[in-house]
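J.: Everything below, folded, please.
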Amino acid sequence: MKVRKRTAKDYRISRWSGGETREFLLFPDSASYAGRDFLWRVSSATVELAESDFTPLPDYRRFLTPLSGALRLSQNGGAFRALGALEVLEFDGGAETKSRGEVTDFNLMLRKGEATGGMTTAVLAAGESCRLADLFPAEAAESEALLLYCYAGAAALRRAEKEWVAEVGAYLLLSPEEGETAGLPLADTELLAVAEHTILAFAWMRRL
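T.: Numbers count the residues shown, from 1 in each chain. Down below sits the predicted model:
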């Protein structure tokens, strides 16, 4: 398993109508968000307006979770419903989506018919640990990329006497080594919180 670490200095930052977006990962490297030709994108955005409209993305399936605060969302003219902190919502990127609430969120976009994956979150106390496999559905082990983002605290991954640490604002990107066919060794990888109240968000992706 290959593990790469990225920090705030590596992120592409852009403004949108309601705040700021930090792009963590966009695949493939030759694609662009503006060109809408990517297979997946992982990002975090601040929502600074009391009410805002999501950009329509009809070719994508989306996952969203507030990392702090809570959102109220309305889709296709329906009633607003609450999405609490660290609660994950999966929805069609083509839906007309309005939001209320000022938050920082975590986003995953997957191109329909070409990519699959998912998102989850975890909160750990200092010293608390688990196997990575305990956090995800079994199919996550077949991912081409699994991203662990540390929103608060700090977390370490440990496997085969190696350790990788993600502090606040950093992420770790897990991917199979070239030639590996058995998938990601999530059952053999320990996740340990090394700071109090560690808040983590995860996204996993692969091509269909």
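
J.: what's the burial count for residue 72?
T.: Look at residue 72: counted by other C-beta atoms under 10 Å, it has 14 neighbours. Where C-beta positions appear, they are placed from N, C-alpha and C, glycine not excepted.

J.: same check, this time on residue 91
T.: Using other C-beta under 10 Å, residue 91 has 14 neighbouring residues.

J.: mean confidence for stretch 72-92?
T.: For stretch 72-92, mean pLDDT is 96.

J.: Now do the end-to-end distance for that stretch.
T.: Taking C-alpha to C-alpha, to the nearest Å, the first and last residues of stretch 72-92 lie 17 Å apart.

J.: Identify the residues contacting that stretch?
T.: 58, 61-71, 95-101, 103, 118-121, 123, 199, 201 (C-beta atoms under 8 Å, 6 or more residues apart in numbering).

J.: Residue 12 and residue 195: what is the separation?
T.: Distance, residue 12 to residue 195, by C-beta to C-beta, to the nearest Å: 27 Å.

J.: Neighbour count: those two, which is higher?
T.: residue 195 (18 against 12).

J.: in which helix or strand would I find the more buried one?
T.: Assigned by DSSP states H and E, residue 195 belongs to no helix or strand.

J.: contacting residues around it?
T.: With contacts defined as C-beta under 8 Å, 6+ apart, the neighbours of residue 195 are 126, 153, 154, 155.
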